[in-house]
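S.K.: Give me coordinates for this.
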Amino acid sequence: MTTSNGHLVLVGTTASGKSALAMEVARCRQGVELVSMDSMQVYRGMDIGTAKPSAADRAEVPHHLVDLVDPHEEFAVSMFQAACREALADIVDRRCRALLVGGTGLHTQAVVDDLEVPGRFDEVRADLDAEPDTAALYRRLEEADPVAAGRMEPTNRRRVVRALEVTLGSGRPFSSFGPGLDVYPPTPFTQVGIRLPRPVVDRRIADRYDQQFAHGFLGEVTALADRPGGFSRTASQALGYRQILDHLGGRCSLDEAVEAAVSATRRFARRQERWFRRDLRIEWLDADEDPLEVLDALLDRFDRCATP
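M.R.: Below is the predicted model of the structure:
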């Protein structure tokens, strides 16, 4: 049986209120530090669109894995994992406890399960990206790593390209880096999820975009796009930013960009929901409207996972 390390992981879809809940836990319990498990909050200046914790919140409670690199820099999962390990070691050294808060499933699982994350092979990736036929790439993967090919849909270009990139670049099959993301071994982390009804999440997503644009989201993206280097491949995939970049590039109107951002974020929330639902180790807390409805239950779970 795996012993808890005293750290709690709080997961859920975007706009489910995870950050607000986490702040309340930190206010109610001494020695709690928050660790962002959001793949886009690592970028400096990408504040409004990533719903980054405010300066006041960060002054009140220590936050980690926020503002690590500039938007023109790549920040791979392996780099995120290493930064998180360092942050957790630092928190433990100070005899504090971590509340890991996030919705980026892969990054969270990389930490929770200590995944062996393959590196990046940019030249190989560039060659693969130049091939428009995903079916052809999948056939190559079937030949090079049939085990990995059997774990994914032939039409999932992102996964097919990544598996081929690693297989060709590292000289070893992508499948050899671990049993895959659908295996959930014992872990020292306690995981709790916040869950709201889909219509509530959909409304909160739209409301959040309204608030973000009222607080200058368009200006934020415009200023970042004008910087030397602009957005890296990873940073440019951030929801909301991607759609506004389309608008700035003349490919759609602002209204169309906002509508596309809301729709894409709602689809993303569904994918997050499916991702986390597969992990039966997660204990779910259900709220009807306000995520703070589950605060007492979350505090109880946080207290129970403390190392004896």
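
S.K.: residue ranges of the helices in the stretch 51-200 of the chain, please?
M.R.: 55-60, 77-93, 105-112, 122-129, 134-144, 146-150, 157-170, 198-214 (DSSP state H, counting those that start in this stretch).

S.K.: my guess is residue 100 contacts residue 10, does it?
M.R.: Yes - Residue 100 lies in contact with residue 10 (C-beta atoms under 8 Å); the separation is 6.9 Å. Quick note: C-beta positions are derived from backbone N, CA and C, even for glycine.

S.K.: circling back: now for the helices of the stretch 51-200 of the chain, which one comes closest to residue 185?
M.R.: The closest of those to residue 185 is helix 105-112. By C-beta to C-beta, the value is 9.8 Å.

S.K.: In contact with the most far-flung residue of the chain relative to its centre, which residues?
M.R.: For the chain, the largest distance from the centre (C-alpha atoms, centre = their mean) belongs to residue 143, which lies 31.4 Å off. Not one residue lies near residue 143 by C-beta atoms under 8 Å, 6 or more residues apart in numbering.

S.K.: ok, now with 10 Å
M.R.: Going by C-beta atoms under 10 Å, 6 or more residues apart in numbering, residue 143 touches 149, 167.

S.K.: follow-up on the earlier one: who's more crowded, residue 100 and residue 10?
M.R.: More neighbours surround residue 10 than the other of residue 100 and residue 10, with 28 against 25 (other C-beta atoms under 10 Å).

S.K.: So which elements touch the longest helix anywhere in the chain?
M.R.: Counting residues, the longest helix found in the chain (DSSP state H) is helix 254-277. Applying 3 or more C-beta pairs under 10 Å, 6 or more residues apart in numbering; DSSP states H and E, one finds that helix 254-277 contacts strand 8-11, helix 105-112, strand 190-195, helix 198-214, helix 217-225, helix 241-248.

S.K.: Just the angle for that helix relative to helix 217-225, thanks.
M.R.: 90 degrees (axes from the mean of the first three to the mean of the last three C-alpha atoms, to 10 degrees).

S.K.: Going by neighbour count, list what's buried in helix 254-277.
M.R.: By 16 or more other C-beta atoms under 10 Å, the buried positions in helix 254-277 come out as 257-258, 260-262, 265-266, 269, 272-273, 275-276.

S.K.: Only C-alpha atoms, please: export it in CSV.
M.R.: Only the C-alpha atoms of helix 254-277 are listed here, as CSV (Å, rounded to 0.1, in the frame of the first residue of the first chain):
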residue,chain,number,x,y,z
LEU,A,254,-13.1,39.8,-32.9
ASP,A,255,-16.7,38.6,-32.3
GLU,A,256,-15.9,35.4,-34.3
ALA,A,257,-12.7,34.9,-32.3
VAL,A,258,-14.5,35.2,-29.0
GLU,A,259,-17.2,32.8,-30.1
ALA,A,260,-14.6,30.4,-31.3
ALA,A,261,-12.7,30.7,-28.0
VAL,A,262,-15.8,30.0,-25.9
SER,A,263,-16.7,26.9,-28.1
ALA,A,264,-13.1,25.6,-28.0
THR,A,265,-12.9,26.0,-24.2
ARG,A,266,-16.1,24.2,-23.7
ARG,A,267,-14.9,21.3,-25.9
PHE,A,268,-11.6,21.3,-23.9
ALA,A,269,-13.6,21.1,-20.6
ARG,A,270,-15.3,17.9,-22.0
ARG,A,271,-11.9,16.4,-22.8
GLN,A,272,-10.6,17.3,-19.3
GLU,A,273,-13.7,15.6,-17.9
ARG,A,274,-13.1,12.4,-19.9
TRP,A,275,-9.4,12.4,-19.0
PHE,A,276,-9.9,12.7,-15.3
ARG,A,277,-12.9,10.4,-15.2
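
S.K.: i'd like the first residue to be 208 from this point on
M.R.: Okay, residue one is now 208; in that scheme the one you just asked about reads as helix 461-484.

S.K.: who does the helix or strand just after that helix pair up with?
M.R.: Next along the chain after helix 461-484, taking DSSP states H and E as the criterion, comes strand 490-493. The pairing partners recorded for strand 490-493 under DSSP bridges are strand 397-402 (parallel).

S.K.: next one: the strand it pairs with to chain centre, how far?
M.R.: With C-alpha atoms, centre = their mean, to the nearest Å as the basis, strand 397-402 stands 15 Å off its chain's centre.
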